[in-house]
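**Student:** What follows is a predicted structure for the sequence shown.
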Amino acid sequence: MTRYLVLLKFTQSGVAAVKESIDRADGFKETAAKLGASIEAQFWTLGEYDGAFILNAPDEATAAALVLDLGHNAKVKTTMIRAFDATEFKSVVDKLA
C-alpha cells in the first residue's frame, strides 16, 4: 500500500452543504474500500485547509481515481501529496550520494 496525504478545501457548494460532510466522508470510505484502499485517518481543520485525510491505496492509479472522483462532486477541491513513513523515507535517503 502507498500512503497519500490529501488536503481539502470546501467549494461554495461544499460550505453550503457542510452539515452533510460527515456523511459524504463515510460514503467516500466505502468507495475507497471497494477499490482496495482505506482511509487511515480523517480530520476537519481550521485555517488554509478545511480538511485532510490519509489515504492508503494499492497503487497510484487507484489513489488518483479516488481523489479525482472526490473532487467530481464539486463540494471540495483537493491536493494529493505522496507521504512517506520513516522506513520508506530512510530508503529514499539511503540512495543519496
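**Tutor:** Sure thing, it's come through.

**Student:** Shouldn't residue 21 be within a helix?
**Tutor:** Yes. Assessed with DSSP: H, G, I helix; E, B strand; the rest coil, residue 21 lies in a helix.

**Student:** Quick one: residues contacting it.
**Tutor:** Residue 21 makes contact with 10, 14, 44, 51, 75, according to Cβ atoms under 8 Å, 6 or more residues apart in numbering. In this view, the C-beta of every residue, glycine as well, is placed from N, C-alpha and C.

**Student:** now with 7 Å?
**Tutor:** With contact set as Cβ atoms under 7 Å, 6 or more residues apart in numbering, residue 21 has no partners.

**Student:** how close does it get to residue 84?
**Tutor:** According to Cβ to Cβ, to the nearest Å, residue 21 stands 28 Å off from residue 84.

**Student:** Could I get the contacting residues of the residue nearest the centre of the chain?
**Tutor:** By Cα atoms, centre = their mean, the chain has its centre lying nearest to residue 6, at 3.4 Å. By Cβ under 7 Å, 6+ apart, residue 6 lies in contact with 52, 53, 55, 67, 78, 80.

**Student:** Quick one, which of those residues are buried?
**Tutor:** 52, 53, 55, 67, 80 (16 or more other Cβ atoms under 10 Å).
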